[in-house]
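> heads up, no residue letters with this:
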């Protein structure tokens, strides 16, 4: 196996697909990559990123690479779904069809590919003219691969083996209703097994690459998250994987000369990927803000990195100035995407209410402390099911709401998952046991508890002084709680309520309920939440 020395990509082949080009073997490789698209098929209101400018850039990079005799791959670290309402309402159809026009070669299946019922993922696989890969998602019944584990692609005489891997955290952060029949096994175990299978079938693989959606955690410090790319590289034999093209942690993976995080990196500056146990690890932040470009020279058993860049896609500085030269939008891509954008905008632009101040839904807020936006959300959910109190996990809040008019688009940014609102009728004594669990979730976790109509203290690991609407919880009294279907089904590690005595489902979604509440009580005064 030939070795790539600059960006080893963890890779194990998928299925038995073999795409073959019968041409003399190239001496150079160019790897282009993105990750965590999250519905950003269209440029933002500053004219940054978007698939149309991305296509212009990638077409140019491909042409330059091929003119220089390079074999070229375009890969994605996954999470195409969820983030922008125009895309969410159309189940990421514009995103997958845009990626097909961009001619991606493969992508990792991310956890957000499970935000919708699985027939939607099946449809997305049909929209894609490239394989969606994951070797560590297995069917519980027989431990067979639920999705294509790997693919083999030959370009200019170089044979690439590409394996997909998905974060084990999907088991707790995806909707249990959709994934209850699936196992998410340790990626390193799946990689070892798939590499053996791949090399048994294809004995002349030149380069192994893993497209992953697991996160990059410097020095394997993954904390409460599932292990990521660094752990994967360390758990495999040295150099077993040439490269990892990653996603999930949504950062530019850049290190300094000592392998520590490069705190000086900013758009337009140089970036050196991480190297762990002979494997190079790359990630291009998020949303198509960058296209990663790595160039290698193959020389015998050695693969030498020639250069690496994270190329900004029309990113601007704080003064609104372009960081690099303007990249025009590709007309063919615009023609494909414009109808999708117009459909989405038409459904979303009408105001539904007004708020007098900013409602902070940033990740660093809703996963760390109580939030007025969370209280607004829970008030709406409580009212919809006539509950005494309510709770949700902070990770379910995905965006902020600016002061001023509130559109349905703003609401769908907060609630992109289409969770239904449910109720649970508790006996006080059983409720205490439930609260013992959910109030213990730590900050900096998607499970972090947001609540309304409830108060409590935790001291030395014990739950104390629990009150419902200001009154001490009575073990002999009945209480009604609102909660979304994701948490009720065990999402984010919450105790499963579905099917239990006292559980009451409904068909109303979180976005629908919040929209109705805002319409009813507008103007919303943040100081009164």
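That came in fine, so what should we check first? The model shown is predicted, which means the values in this text are computed figures rather than measured ones.
> check contacts around residue 112.
The contact partners of residue 112, by CB atoms under 8 Å, 6 or more residues apart in numbering, come to 38, 78, 79, 80, 81, 82. Bear in mind the C-beta positions are built from the backbone N, C-alpha and C, glycine included.
> and for residue 436?
residue 463.
> of all the contacts of residue 112, which two lie farthest apart?
78 and 82 (11.6 Å; CB to CB).
> rewinding a little: quick one: which of the contacts of residue 112 has the most company?
Of all the contacts of residue 112, residue 78 has the most neighbours under the rule other CB atoms under 10 Å, reaching 32 neighbours.
> the stretch 251-400 of the chain: strands as residue ranges?
274-276, 279-282, 290-299, 302-312, 351-355, 389-393 (DSSP state E, counting those that start in this stretch).
> and those, which one's lowest on average pLDDT?
For the strands of the stretch 251-400 of the chain, mean pLDDT drops lowest on strand 302-312, to a mean of 89.
> packing partners for that strand?
strand 290-299 (3 or more CB pairs under 8 Å, 6 or more residues apart in numbering; DSSP states H and E).
> could you identify which of the strands of the stretch 251-400 of the chain is most buried?
strand 279-282 (a mean of 29; mean count of other CB atoms under 10 Å).
> what lines up beside that strand in the sheet?
Strand 279-282 sits in its sheet next to strand 243-245 (parallel), strand 274-276 (antiparallel), going by DSSP bridges.
> any idea which of these gets closest to residue 483?
Of the strands paired with strand 279-282, nearest to residue 483 by CB to CB is strand 243-245, at 37.1 Å.
> hmm, back to that, format the strands of the stretch 251-400 of the chain as CSV; extra columns: distance to residue 440.
Below are the strands of the stretch 251-400 of the chain laid out as CSV (distance: least, CB to CB, whole Å):
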stretch, distance to residue 440
strand 274-276, 33
strand 279-282, 33
strand 290-299, 38
strand 302-312, 39
strand 351-355, 32
strand 389-393, 13
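> among those, which comes closest to residue 371?
strand 389-393 (10.4 Å).
> need the residues that contact that closest one.
374, 377-379, 381-382, 438, 441, 446-454, 468-469, 479, 481-484, 486-487, 491-492, 494.
> now those: which count as buried?
Using 16 or more other CB atoms under 10 Å as the burial test, these include 374, 377-379, 381-382, 438, 441, 446-454, 468, 479, 481-484, 486-487, 491-492, 494 as buried.
> inside strands: which ones of those?
Counted as lying in strands by DSSP state E, out of these, are 449, 450, 451, 452, 454, 468, 479, 481, 482, 483, 484.
> nearest to residue 362 among those residues?
Among these, and counting by CB to CB, the member closest to residue 362 is residue 450, at 13.4 Å.
> residue contacts, that closest one?
So residue 450 contacts 366, 370, 371, 374, 375, 377, 378, 391, 392, 393, 394, 397 (CB under 8 Å, 6+ apart).
> in helices only, show me those residues.
366, 374, 375, 377, 378 (DSSP state H).
> any idea how far the residue nearest to the second one when sequence neighbours are not counted is from residue 395?
Closest residue to residue 374 in three dimensions, ignoring its sequence neighbours and counting by CB to CB, 6 or more residues apart in numbering: residue 450, at 3.6 Å. In this structure, residue 450 lies at 10 Å from residue 395, with CB to CB, to the nearest Å as the measure.
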